[in-house]
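S.K.: Next one to model:
(4 chains)
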2 protein chains.
Amino acid sequence: MPAPDASPRSRRDRPAKPALTADGIVAAAVKLMNQGHDQVTLRLLARELDTGPASLYVYFRNADELHAAMLDEMLGEVDLTPVTAPGDWRERLMKILASYIHILYTRPNLARSALVSRPRGRNYFDLIEALMSVLYEGGMDTERAAWGVDLLLQLATATAVEHGTRNQDPNAAQEWQAFLTALRTIRPDRHPHITAATAELVSGTPEARSRWQFLVLLNGILTAPAPSPRTP
Amino acid sequence: MPAPDASPRSRRDRPAKPALTADGIVAAAVKLMNQGHDQVTLRLLARELDTGPASLYVYFRNADELHAAMLDEMLGEVDLTPVTAPGDWRERLMKILASYIHILYTRPNLARSALVSRPRGRNYFDLIEALMSVLYEGGMDTERAAWGVDLLLQLATATAVEHGTRNQDPNAAQEWQAFLTALRTIRPDRHPHITAATAELVSGTPEARSRWQFLVLLNGILTAPAPSPRTP
DNA sequence: ACCTGAACACCGTTCAAGT
DNA sequence: ACCTGAACACCGTTCAAGT
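M.R.: Presented below is the predicted three-dimensional model:
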């Protein structure tokens, strides 16, 4: 009598299939992503969970909603410790943003969903709270801090999408070369300013550019007219 | 003798099929897009051109390359006349950017490709030239103008992606409601700054926000430290 | 009621076979 | 040599049918 089992026909060799929950699905999806799957599709995820793609629609209205849930899960990894660290507030703010960008950088698809869907999970609000806290240290009023956070995150997300996707593309280097060639063959009579600024248009490392951009934003938020003047 | 024709079996009722060229394909693709097709897929386009999708690979290495070509074509519609118009340079610059955003706004898919692929067509360089020209009027040096153009376009593109895609989504309104609800149920002990700034976080029309953002950028570019100090 | 197999209506890309 | 029909390997979403 080989392989005795209480109910031999109801089990398989693989581990018992856990009951599905929204959190469990998101956890499995994040796990797949961290294993290197750039695109966590509903079908891949369903395969992993040993079911069909239709089952996921019990927990998420569509693929976008799943991606949004994955995003909030990832945002829990953003390093918010610079909030209470010593040092210049600008540097600490940029550290938080750099952590945010870094997390999205290797997941350009999630970054894209961050640009489009307005996150509203707990981790997202923790991030907003942290950024506002540092902005207040910089002496901003409530309005500037609120609108400023939005702007800072929009640029950070766009940066992650841009660089992350490019980094993922195998012909990124050759696209860059093509851009340089196009820039060098610009005709001075039609594009005099570009011709004169060829070097500056491509100078700086991505990191240097990004750092400058955030300093520009912080200076601008501090010095530009407030969003809505209290005395209209 | 009805319908005499030199070679009756070599023609169809539909108009003579024009020979394919890269420009012709892009023109057909843009035409489809302007007819309301949000996603101009290779298959749809091939159907329109009375051929199979494989034929398009003779002219474009992949779908991304086609989208990039479409993007440059669309950029020809950006209104650059504010460059030479009278009035405040900031207002004129924002008019150009508004035109750029408006063109991408109803084509979020193209906007996404603008964020990822670095355009290098003639119309793109015309846009850069125009923006730099206005920035110089604002008194910027070459470095600030070059890096500034990049930053301004990055924000403009991100704005178009964000608002355009949301606008396209039928449940955008109900997503916004869900966000408002999430914001109102924030717990003051965990998120004191958000609680205190609830109104400011959602205030302002998208246009007012966008306008403020660009003023922030312009002020920041003017007042932030130059990208690379000449005396290190 | 909750779940899901199978089908529907698509994709981009490749390649062998046509002209 | 240039072009393309057909196939490959996928998608997200729906819905009738199961338990």
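S.K.: And the pLDDT at the residue in chain A positioned nearest to chain B?
M.R.: Using CB to the nearest CB, the single residue of chain A nearest to chain B is A:G220, 2.7 Å away. Quick note: C-beta positions are derived from backbone N, CA and C, even for glycine. We have a pLDDT of 97 for A:G220.
S.K.: Report the contact partners of it.
M.R.: B:L215, B:V216, B:L217, B:L218, B:N219, B:G220, B:I221, B:T223, B:A224 (CB atoms under 8 Å, 6 or more residues apart in numbering or on different chains).
S.K.: change it to 10 Å
M.R.: When contacts are counted by CB atoms under 10 Å, 6 or more residues apart in numbering or on different chains, A:G220 touches A:148, A:151, B:212-224.
S.K.: got it, and A:A172?
M.R.: Going by CB under 10 Å, 6+ apart, the list of residues near A:A172 reads A:H163, A:T165, A:R166, B:R118.
S.K.: Give me the below-cutoff pLDDT ranges for chain A.
M.R.: Applying pLDDT under 70 to chain A flags the ranges A:1-17, A:229-232.
S.K.: can you map out the strands along it?
M.R.: For chain A, applying DSSP state E gives no strands.
S.K.: near DNA strand D, which residues of it?
M.R.: A:Q39, A:T41, A:L42, A:R43, A:L44, A:G52, A:P53, A:A54, A:Y57, A:N62, A:A63, A:D64 (CB under 7 Å from any atom of the strand).
S.K.: can I get those in JSON lines with neighbour count and distance to chain B?
M.R.: Listed next are these as JSON lines, based on neighbours: other CB atoms under 10 Å in any protein chain shown; distance: CB to the nearest CB, whole Å:
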{"residue": "A:Q39", "neighbour count": "8", "distance to chain B": "15"}
{"residue": "A:T41", "neighbour count": "14", "distance to chain B": "17"}
{"residue": "A:L42", "neighbour count": "18", "distance to chain B": "18"}
{"residue": "A:R43", "neighbour count": "11", "distance to chain B": "20"}
{"residue": "A:L44", "neighbour count": "14", "distance to chain B": "21"}
{"residue": "A:G52", "neighbour count": "11", "distance to chain B": "25"}
{"residue": "A:P53", "neighbour count": "15", "distance to chain B": "21"}
{"residue": "A:A54", "neighbour count": "9", "distance to chain B": "21"}
{"residue": "A:Y57", "neighbour count": "13", "distance to chain B": "15"}
{"residue": "A:N62", "neighbour count": "11", "distance to chain B": "9"}
{"residue": "A:A63", "neighbour count": "16", "distance to chain B": "13"}
{"residue": "A:D64", "neighbour count": "15", "distance to chain B": "8"}
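S.K.: what's the burial count for A:L222?
M.R.: By the criterion of other CB atoms under 10 Å in any protein chain shown, A:L222 has 17 neighbours.
S.K.: ok, now the one 5 residues further on?
M.R.: Applying the criterion other CB under 10 Å, we find 22 residues in the vicinity of A:P227.
S.K.: Go ahead and confirm it touches B:W212.
M.R.: Yes: applying CB atoms under 10 Å as the test, A:P227 and B:W212 come out as touching, 5.2 Å apart.
S.K.: where do the contact lists of the two overlap?
M.R.: With CB under 10 Å, 6+ apart, A:P227 and B:W212 have common neighbours A:E143, A:R144, A:W147, A:G148, A:I221, B:G204.
S.K.: check contacts around the closest residue to DNA strand C within chain A.
M.R.: As assessed by CB to the nearest atom of the strand, DNA strand C sits closest to A:A54 within chain A, at 2.6 Å. Each residue near A:A54 by CB under 10 Å, 6+ apart is listed here: A:L42, A:A46.
S.K.: Could you report the distance from it to B:I25?
M.R.: Distance of A:A54 to B:I25, computed by CB to CB, to the nearest Å: 38 Å.
S.K.: now swap in A:N62 and tell me
M.R.: A:N62 sits at a distance of 32 Å from B:I25 (criterion: CB to CB).
S.K.: was I right about A:E137 contacting A:P86?
M.R.: No: contact between A:E137 and A:P86 fails when scored by CB under 10 Å: they sit 11.4 Å apart.
S.K.: Is DNA strand C within reach of the biggest helix by length in chain A?
M.R.: When chain A is parsed with DSSP state H, its longest helix is helix A:142-168. No: no part of helix A:142-168 sits close enough to DNA strand C to count as contact by CB under 7 Å from any atom of the strand; the gap is at least 13.2 Å.
S.K.: how much space between the closest residue to A:G52 other than its chain neighbours and A:D64?
M.R.: Leaving aside its sequence neighbours, A:G52 sits nearest to A:A46 (CB to CB, 6 or more residues apart in numbering or on different chains; 5.6 Å). Here the criterion is CB to CB. By it, A:A46 lies 17 Å from A:D64.
S.K.: Also A:E129?
M.R.: Taking CB to CB, one finds A:E129 at 25 Å from A:D64.
S.K.: who's in contact with A:I194?
M.R.: With CB under 10 Å, 6+ apart, A:I194 has these contacts: A:L183, A:I186, A:R187, A:P188, A:L201, B:F125, B:D126, B:I128, B:E129, B:M132, B:A146, B:V149.
S.K.: The second one and A:T198 touch, don't they?
M.R.: I take that to be A:I186. Yes: using CB under 10 Å, A:I186 is in contact with A:T198, at 7.4 Å.
S.K.: out of those two, which sits in the busier spot?
M.R.: Ranked by neighbour count (other CB under 10 Å), A:I186 and A:T198 place A:I186 first, with 19 against 15.
S.K.: residue boundaries of the helices in chain A?
M.R.: Counting by DSSP H, the helices of chain A are A:22-34, A:42-48, A:63-75, A:89-105, A:108-116, A:122-137, A:142-168, A:172-184, A:192-196, A:198-202, A:206-223.
S.K.: want to throw these into JSON lines with distance to B:A19?
M.R.: Below are those laid out as JSON lines (distance: least, CB to CB, whole Å):
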{"stretch": "helix A:22-34", "distance to B:A19": "45"}
{"stretch": "helix A:42-48", "distance to B:A19": "40"}
{"stretch": "helix A:63-75", "distance to B:A19": "40"}
{"stretch": "helix A:89-105", "distance to B:A19": "44"}
{"stretch": "helix A:108-116", "distance to B:A19": "37"}
{"stretch": "helix A:122-137", "distance to B:A19": "53"}
{"stretch": "helix A:142-168", "distance to B:A19": "34"}
{"stretch": "helix A:172-184", "distance to B:A19": "27"}
{"stretch": "helix A:192-196", "distance to B:A19": "35"}
{"stretch": "helix A:198-202", "distance to B:A19": "38"}
{"stretch": "helix A:206-223", "distance to B:A19": "43"}
